[in-house]
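Participant: 3D, please:
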Amino acid sequence: MDEMTRLFSPSCWVPGKSRDEVMNEFFAGIMEAYDSLMSNNTIQKDLDIPYGPDENQKVDVYGDVQDNLLIFFHGGYWVEGDRKYCLTPVPATLDGGFAFASLGYGLATNGRTLSDCVSDAVKGVEFLLQKYPNASNIHIGGHSAGAHLAFQAAVKVHSPSIKGLLLFAGVYFLEELVGTEIGNAINLTIDQAKLNSCDPTLLDGMFLRKSVTWNL
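Facilitator: Residues are numbered from 1 along each chain as shown. The predicted model follows:
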């Protein structure tokens, strides 16, 4: 593992635990959250809703969508992860009066680029805005690569219904990834990195009414 990839790998930085131990605990946690949610028959679920032809271009919605909706993108450095396995926040989201939409996207594999991931994110958010026109208090969030896609979708869709962003442990400035294991896995060029980096000034003039959670 090259040094820059190591710096961008949270699993390398947990005191007292190996990377494998951290990853095993992480996957055990997300599987437990998934199993618990699937077995809870009191929670309304609308699963595998397609917004495009790709297998990953689907969204799962938990709870009854009224005014409040949180749209969430999974992480995985744009090459792995799944909308089914980022559901730990669902119970707290529902308790807070929001429905939760876990939005999948095509990965940057098999010839697809990072720009294609961003395009899917935008398309998915636009689909949800059309499907739930009465949802006027929409927040968009994500973890790691998902935080990057949440930012990109929000600024490109630029809807007055989008009132907040929740960006957790995100990857926003991508030029540092060019030439690393992470960048090479998605064939990241300097042009793609510049095109898809997140410019915080683009938030100016948006309709956000809450502070952005921008965890670096």
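
Participant: Pull out the buried residues from stretch 186-199.
Facilitator: By 16 or more other CB atoms under 10 Å, the buried positions in stretch 186-199 come out as Ile186, Leu188, Gln192, Ala193, Asn196, Ser197, Cys198. C-beta here means a position set from N, CA and C on the backbone, and glycine is covered the same way.

Participant: For the second one, list the residues it contacts.
Facilitator: Just to be clear, that refers to Leu188. Leu188 makes contacts with Leu114, Leu174, Leu177, Val178, Ile182, as judged by CB atoms under 8 Å, 6 or more residues apart in numbering.

Participant: so where's the protein shaky on pLDDT?
Facilitator: Filtered on pLDDT under 70, the chain yields the residue ranges 209-216.

Participant: Could I get the full set of strands for it?
Facilitator: Secondary structure of the chain (DSSP state E): strands located at 45-50, 58-62, 68-73, 99-103, 137-143, 162-168, 213-214.

Participant: Could you export the ones you listed as CSV, including distance to Leu202?
Facilitator: Output for the strands of the chain, formatted as CSV (distance: least, CB to CB, whole Å):
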stretch, distance to Leu202
strand 45-50, 28
strand 58-62, 24
strand 68-73, 17
strand 99-103, 20
strand 137-143, 14
strand 162-168, 11
strand 213-214, 13
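
Participant: if we compare those, which one ends up closest to Gly205?
Facilitator: Between Gly205 and those, the tightest spacing by CB to CB is seen for strand 162-168, at 12.2 Å.

Participant: Okay, angle between the closest one and strand 68-73 too, please.
Facilitator: Between strand 162-168 and strand 68-73, the angle comes out at 40 degrees (axes from the mean of the first three to the mean of the last three CA atoms, to 10 degrees).

Participant: between strand 162-168 and strand 137-143, what angle do the directions make?
Facilitator: On the basis of the same axes, to 10 degrees, strand 162-168 is oriented at 20 degrees to strand 137-143.

Participant: So which bits of strand 162-168 are buried?
Facilitator: Of the residues in strand 162-168, Ile162, Lys163, Gly164, Leu165, Leu166, Leu167, Phe168 count as buried by neighbour count, 16+ other CB under 10 Å.

Participant: do stretch 19-28 as well
Facilitator: For stretch 19-28, by 16+ other CB under 10 Å, it's Val22.

Participant: What of stretch 119-128?
Facilitator: Buried residues in stretch 119-128, counted by 16+ other CB under 10 Å: Ser119, Asp120, Ala121, Val122, Lys123, Gly124, Val125, Phe127, Leu128.

Participant: Could you give the bridge partners of the most centrally placed residue in the chain?
Facilitator: Note on the chain: the residue nearest the mean C-alpha position is Phe73, at 2.0 Å, using CA atoms, centre = their mean. Beta-bridge pairing for Phe73 (DSSP bridges): Gly142.

Participant: returning to that earlier point: just flag the most distant two among the buried residues of stretch 119-128.
Facilitator: Every pair of the buried residues of stretch 119-128 checked by CB to CB; the farthest is Ser119 and Leu128, at 15.3 Å.

Participant: From Ile30, how far off is the residue nearest to the centre of the chain?
Facilitator: 14 Å (CB to CB, to the nearest Å).

Participant: Was I right to think Gln152 contacts Cys198?
Facilitator: Yes - counting by CB atoms under 8 Å, Gln152 does reach Cys198; the two are 6.8 Å apart.

Participant: can I get the buried residues of strand 162-168 in TSV with distance to Ile140?
Facilitator: Below are these laid out as TSV (distance: CB to CB, whole Å):
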residue	distance to Ile140
Ile162	6
Lys163	9
Gly164	8
Leu165	6
Leu166	7
Leu167	9
Phe168	12
